[in-house]
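*Asks:* Quick one, structure for this:
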Amino acid sequence: MSQSTRILFALVAGLVAGVMLGGFAPAAVNPVTGVAQPIGQAWLNALQMTIVPLVFSLLVTGVAATAEAAQAGRLAGRSVGLYLVVMASSAVLAALLTPLFLELAPLPGESAAALRNALTGVGPNPAIPPLGEFLAAIVPSNIVKATAESAFLSMIIFALIFAFALMRIEAELRNLLIRFFTAVRDTMLVVIGWVLWVGPVGVFALALVVGARAGGGAFHALVHYILTVAAVGVVVTLLAYPMAMLGGRVSLAAFSRAALPSQAVAVSTQSSLASLPAMLAGARTLGAPVATAGVTLPLAVALLRATGPAMNFAVAIYVAHWFGVPLSPGTLAVGTVVAMLTSLGAVSLPGTVSYVSSIAPVCAAIGAPAAPLGLLVAVETLPDIVRTLGNVMWDLATTMTLARGETGRRDEADVMLEDMA
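*Replies:* Numbers count the residues shown, from 1 in each chain. All right, here's what the predicted structure looks like:
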């Protein structure tokens, strides 16, 4: 049984047990939750303690890998540029679509209130600082203090400045630091693996408390969350089709047929890497040169997370809506940038592992609490399938766009040579 399935079963079992406890033995709710709540909170704390070193090391190694890819040649550089545009557009879509979906199909107030009361470890919403104070605080005088206070935006900006400066120093020293942060990243991933291994215990304890205090409304709220976030991912996924048609100049029917095998692998494995052979075969079917697809598709699998910014930001917006955090256009703009950057840093990580590390900084940037993520990670199976499916579709669509661009450049060069002859 996979790790995500174990955690999902623990969530369902905990909710059912909590609802039954509240319905049939209400006098036992406080004693039982008094034991379960510290267990769940301890597991959530263990998950959160890895966020700062993991996010920092991911950003440094991610920027280094992106810079190296961009310097590897003209095609690789064009690919990286296109991927950044796609990921930025993905985050913007979430800022527009998620509030719209929540307006069209809102979470019932009773369910939201019950869940807010059931979740422990969530303090009052912080006051929104004036714009000038907010902008000044982005560049802190003490980065260690800012990081300790969960000022993730400041930490991300410092990590980016550090990473770009790293690319300008002597190669031997640069490689030494990259190896150091790679070691930090891999060590944190081992720690997260250990934390997730005992995840069923922590999730069961959290779900038990929520079920006992929120009742059956917890199920409705979680289903509403899944559908809302997945809907944002589906829209991003569907936009890959016009991208392939306009940028790659392939027909809708041809692209759909060529994408089917990789879609099947993506849904069954939830892995873009496992879908790579099927994507290569699909690109060849659509006429992409092997020399082009052989470069762009592996690069897309390693760097492009088309659905990541949208769905990560959608989760953060949903949590903010859930806890009544006001979101101004300026706040959404900040969240858009952070969602893109954290998704860029989370390359090649499993969805369960990258969930908290990618979304907690976005939550912090828009003032939403991160505590609910320990419960929401348990229902990530369906959204993760949508994430992978969308990533695979965009990997293939961008490859066809880049292949068409390369073909056009070769045609122009041939014409110039003929004219010169």
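*Asks:* drop to CA atoms for contacts and neighbour counts, all remaining ones
*Replies:* Fine.
*Asks:* residues near the residue nearest to residue 378 when sequence neighbours are not counted, how many?
*Replies:* Distances taken as CA to CA, 6 or more residues apart in numbering put residue 8 closest to residue 378, at 5.0 Å, once the chain neighbours are dropped. Other residues near residue 8 number 23, with proximity taken as other CA atoms under 10 Å.
*Asks:* just how off-centre is the strand or helix carrying residue 8 within its chain?
*Replies:* Remark: residue 8 resides in helix 3-24, with elements defined by DSSP states H and E. From the chain centre to the centre of helix 3-24 is a distance of 25 Å (CA atoms, centre = their mean, to the nearest Å).
*Asks:* Show me what whichever helix or strand comes after that helix is in contact with.
*Replies:* Downstream of helix 3-24, the first helix or strand assigned by DSSP H and E is helix 29-48. The contact list for helix 29-48, computed with CA atoms under 8 Å, 6 or more residues apart in numbering, reads 21-22, 120-121, 192, 195, 199, 201-206, 208-209, 212-213, 356, 371, 374.
*Asks:* Around residue 166, how many other residues sit close by?
*Replies:* 19.
*Asks:* go on, residue 196?
*Replies:* Look at residue 196: counted by other CA under 10 Å, it has 22 neighbours.
*Asks:* And it, how far from residue 76?
*Replies:* 35 Å (CA to CA, to the nearest Å).
*Asks:* lowest-pLDDT helix or strand in this protein?
*Replies:* Taking mean pLDDT, DSSP states H and E as the measure, the helix or strand of the chain with the lowest value is helix 131-138, at a mean of 58.
*Asks:* before we move on, the earlier item: of the contacts of helix 29-48, grab the buried ones for PyMOL.
*Replies:* Buried residues among these (16 or more other CA atoms under 10 Å), as a PyMOL selection:
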select buried, resi 21+22+120+192+195+199+201+202+203+204+205+206+208+209+212+213+356+371+374
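*Asks:* Okay, and which of the contacts of helix 29-48 map to strands?
*Replies:* Of the contacts of helix 29-48, none are assigned to strands by DSSP state E.
*Asks:* Tell me which other helices or strands the host helix or strand of residue 65 touches.
*Replies:* Residue 65 belongs to helix 51-70 when assigned by DSSP H and E. The contact analysis (3 or more CA pairs under 8 Å, 6 or more residues apart in numbering; DSSP states H and E) places helix 51-70 against helix 74-104, helix 152-166, helix 171-197, helix 329-345, helix 351-366.
*Asks:* who touches it?
*Replies:* Outside helix 51-70, the residues that touch it by CA under 8 Å, 6+ apart are 76-80, 147, 155-156, 159-160, 162-164, 167, 178, 181-182, 184-185, 188-189, 299, 303, 341-342, 344-347, 356-358, 360.
*Asks:* cool, and stretch 276-283?
*Replies:* Contacts for stretch 276-283 (CA under 8 Å, 6+ apart): 258-259, 261-262, 265, 293-294, 297-298, 301, 392, 396, 399-400.
*Asks:* swap the cut-off to 6 Å and go again
*Replies:* Counting by CA atoms under 6 Å, 6 or more residues apart in numbering, the neighbours of stretch 276-283 from elsewhere in the structure are 258, 261-262.
*Asks:* Which member of these is positioned nearest residue 50?
*Replies:* If you rank the contacts of stretch 276-283 by distance to residue 50 using CA to CA, residue 262 comes first, at 33.2 Å.
*Asks:* neighbours of that closest one, just the number please.
*Replies:* Using other CA under 10 Å, residue 262 has 24 neighbouring residues.
*Asks:* swap in residue 143?
*Replies:* Counted with other CA under 10 Å, residue 143 comes out at 14.
*Asks:* Tell me which residues touch it, please.
*Replies:* Contacts of residue 143 by CA under 6 Å, 6+ apart: none found.
*Asks:* any idea how far residue 159 is from it?
*Replies:* 10 Å.
*Asks:* ok so, going back, can you list the buried residues in the next helix or strand after the least confident helix or strand of the chain?
*Replies:* Next in sequence after helix 131-138, counting helices and strands by DSSP H and E, comes helix 143-148. Within helix 143-148, the residues that count as buried by 16+ other CA under 10 Å are 146-147.
*Asks:* Show the average pLDDT along helix 143-148.
*Replies:* Mean pLDDT, computed over helix 143-148, is 74.
*Asks:* Could you list the low-pLDDT ranges of the stretch 301-421 of the chain?
*Replies:* 345-353, 405-421 (pLDDT under 70).
*Asks:* by contact count, what packs against the helix holding residue 8?
*Replies:* Identification of packing neighbours for helix 3-24 by 3 or more CA pairs under 6 Å, 6 or more residues apart in numbering; DSSP states H and E yields helix 199-214.
*Asks:* Show me the contact partners of the helix it packs on.
*Replies:* 7, 10-11, 14-15, 18-19, 22, 33, 36, 40, 43, 114-115, 118.
*Asks:* So which of the helices and strands packed on helix 51-70 is nearest residue 241?
*Replies:* The nearest among the helices and strands packed on helix 51-70, by CA to CA, is helix 74-104 at 13.5 Å.
*Asks:* elements contacting that closest one?
*Replies:* Against helix 74-104 (3+ CA pairs under 6 Å, 6+ apart) you get helix 51-70, helix 308-322.
*Asks:* Now do that helix, average pLDDT.
*Replies:* Mean per-residue pLDDT for helix 74-104: 90.
*Asks:* May I see the buried residues of stretch 228-240?
*Replies:* 228-237, 240.
*Asks:* Filter those residues down to the ones in helices?
*Replies:* 228-237, 240 (DSSP state H).
*Asks:* which residue sits closest to residue 265 in space, ignoring its chain neighbours?
*Replies:* Once flanking residues are discounted, residue 265 sits nearest to residue 275: 5.5 Å by CA to CA, 6+ apart.
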